[in-house]
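Asks: sequence unknown, structure follows:
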């Protein structure tokens, strides 16, 4: 009959964190013993008492709950709405991206039969959807574990005054979700393109036998080695759009975050575009052969000038984006 | 009038929560173990279930209101709790708050409502 006490204690402690188990086990054991002795005195027929005491203590699950101070969640009520929202957007973007990438892929390399077409498409679609879902869920589970709360108006414990009340969004202080979602969509597309199909970016020529061949722009090996850089850049881009969605209007802190993101992205872009051996020599050879570049001039030097121009354009675009954000936040006097 | 018992119970639970903490603190300037605390509270007519008290003691310890140590000299090892220095100061302040609350509620519930 003593076994029942052990089983009861086990039923409680197995639901508790490892570190606390031993201490709670000892405390419960001495409590149960006290309660039994309280009923009958030290030496008597114990079976009925054990039964009564354990019944009085009640459902071990509930007791474990009170020890744990509340319930545990994979994704708690604080973040659940945001989670659903992000999952929907990400899944939609991935589905759209995979569909588009497949259409382009099939146009370039037509599949042997309708069966392989549909099969190949569904395989990559569900693979990607599953991955996206898993990653978003893991991310939010980590938020939960480290008690990160998203989208709270005020940080708890911070001193509050009426000045911290959110400004009523005027008509154009609100960020249109469509804007951010389109941005997100293109980011996902770029991720798919760069990670799976960099060799398809290039010049398409048709030979005498009617076969289409591609002369890639990038040197595949170098490009693969630089891919992590590119992916970080794209992740920052995605984060930027998600932040816009979460904040929902033009604020000063959003503008400052935007400035930082743009600065980092631009730095990464510089490192990427100026990497040695990024470009495919055949690509330039083609242009010389086609007569587009006058014989005698160095195609790489010409290309270098083009890249410098591109860097300036990108710098301007990022500067403009940063300034527009700052101006919008300033205009609406949202200094949070 | 039929009262929703479940609602009543949850309201009572809410009301008792803070009061039990005060009661527990009042008996822990000297070290006591859980079950003896239950019995002490019972002699004053306050019934607290072990399933409520034991987790509460741990929580208060985690918040540095109580300190504990195991006494293994007797036949059964027992965990003794007593108030920390911070706990004593908190108890003094809580008690003041309780007295104000208690007299306000007393006044409010005995005087005739004027509305």
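Replies: Received, thanks. Note that this is a predicted model, so its numbers are computed, not measured.
Asks: Tell me where the chain has strands.
Replies: No chain in the question, so chain A it is. Ranges of strands in chain A, per DSSP state E, are A:202-206, A:212-216.
Asks: Not quite, go with chain B.
Replies: Using DSSP E, strands in chain B cover B:32-33, B:66-71, B:78-83.
Asks: Turn the ones you listed into TSV, columns for distance to residue B:19 and mean pLDDT.
Replies: Where C-beta positions appear, they are placed from N, C-alpha and C, glycine not excepted. Listed next are the strands of chain B as TSV, based on distance: least, CB to CB, whole Å; pLDDT from 0 to 100:
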stretch	distance to residue B:19	mean pLDDT
strand B:32-33	18	94
strand B:66-71	17	93
strand B:78-83	17	95
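Asks: returning to what we had before: the strands of chain A: which one's closest to residue B:94?
Replies: strand A:212-216 (73.9 Å; CB to CB).
Asks: Quickly check: stretch A:27-42 near chain B or not.
Replies: Yes. Stretch A:27-42 reaches chain B (CB under 8 Å from any CB of the partner chain) through A:27-28, A:30-31, A:33-35, A:38.
Asks: again, but for stretch A:48-67
Replies: Yes. Using CB under 8 Å from any CB, stretch A:48-67 reaches chain B at A:57-58, A:62-63, A:66-67.
Asks: just to revisit the earlier point, which of the strands of chain A has the lowest mean pLDDT?
Replies: In terms of average pLDDT, strand A:202-206 trails the rest of these, at a mean of 76.
Asks: That one pairs with which strands, parallel or anti?
Replies: Counting by DSSP bridges, the strands paired with strand A:202-206 are strand A:212-216 (antiparallel).
Asks: Buried residues in the partner strand, which are they?
Replies: residue A:216 (16 or more other CB atoms under 10 Å in any protein chain shown).
Asks: And it, how far out from the chain middle?
Replies: From the chain centre to the centre of strand A:212-216 is a distance of 34 Å (CA atoms, centre = their mean, to the nearest Å).
Asks: Nearest residue to residue A:26 in space, please, no chain neighbours.
Replies: Using CB to CB, 6 or more residues apart in numbering or on different chains and skipping residues adjacent in sequence, the residue nearest residue A:26 is residue B:77, 6.1 Å away.
Asks: can you check residue B:47 too?
Replies: residue B:41 (7.5 Å).
Asks: Check the gap between that neighbour and residue B:49 for me.
Replies: The gap separating residue B:41 from residue B:49 is 11 Å, by CB to CB, to the nearest Å.
Asks: more neighbours, the two?
Replies: Higher neighbour count among residue B:41 and residue B:49: residue B:41, with 18 against 13, using other CB atoms under 10 Å in any protein chain shown.
Asks: Contact partners for that one?
Replies: For residue B:41, the contacting residues are B:23-24, B:27, B:47-48, by CB atoms under 8 Å, 6 or more residues apart in numbering or on different chains.
Asks: quick revisit: from the residues of stretch A:27-42 next to chain B, pick the one nearest chain B.
Replies: residue A:34 (4.1 Å; CB to the nearest CB).
Asks: was I right about that closest one contacting residue B:74?
Replies: No. The criterion here is CB atoms under 8 Å, and residue A:34 misses it with residue B:74 at 11.3 Å.
Asks: With neighbour numbers in mind, choose between those two.
Replies: A count of neighbours by other CB under 10 Å puts residue A:34 above the other of residue A:34 and residue B:74, at 20 against 9.
Asks: Quick check: closest non-adjacent residue to the more buried one.
Replies: Nearest to residue A:34 is residue B:35, by CB to CB, 6+ apart, at 4.1 Å.
Asks: what pLDDT does that neighbour get?
Replies: pLDDT, residue B:35: 93.
Asks: Residue A:155 now?
Replies: Confidence score, pLDDT, at residue A:155: 47.
Asks: re earlier: and the residues of stretch A:27-42 next to chain B, which of them are buried?
Replies: A:27-28, A:30-31, A:33-35.
Asks: Now do the same contact list for the spatially most central residue of chain B.
Replies: Centroid-nearest residue in chain B, with CA atoms, centre = their mean: residue B:20, separated by 2.1 Å. With contact taken as CB under 8 Å, 6+ apart, residue B:20 is in contact with B:46, B:48, B:52-53, B:56.
Asks: tell me which parts of chain B are close to chain A?
Replies: So chain B meets chain A at B:33-35, B:49-52, B:54-55, B:58-59, B:70, B:76-79 (CB under 8 Å from any CB).
Asks: Selecting buried members of those in PyMOL, what would you type?
Replies: In PyMOL, a selection of the buried entries from these looks like this (16+ other CB under 10 Å):
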select buried, chain B and resi 33+34+35+50+51+52+54+55+58+78+79
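Asks: got the contact list for the residue nearest to the spatial centre of chain A?
Replies: Residue closest to the average C-alpha location in chain A (CA atoms, centre = their mean): residue A:136, at 5.5 Å. By CB under 8 Å, 6+ apart, residue A:136 lies in contact with A:83, A:86-87, A:90.
Asks: Would you tell me which one of those residues comes nearest to chain B?
Replies: The nearest member of the contacts of residue A:136 to chain B, counting by CB to the nearest CB, is residue A:83 at 28.9 Å.
Asks: is it true that that closest one touches residue A:141?
Replies: No. Between residue A:83 and residue A:141 there is no contact under CB under 8 Å: 9.5 Å.
Asks: interface residues of chain A facing chain B?
Replies: Counting by CB under 8 Å from any CB, chain A sits next to chain B at A:20, A:23-24, A:26-28, A:30-31, A:33-35, A:38, A:57-58, A:62-63, A:66-67, A:69.
Asks: now with 7 Å?
Replies: A:26-27, A:30-31, A:33-35, A:57-58, A:63, A:66-67, A:69 (CB under 7 Å from any CB of the partner chain).
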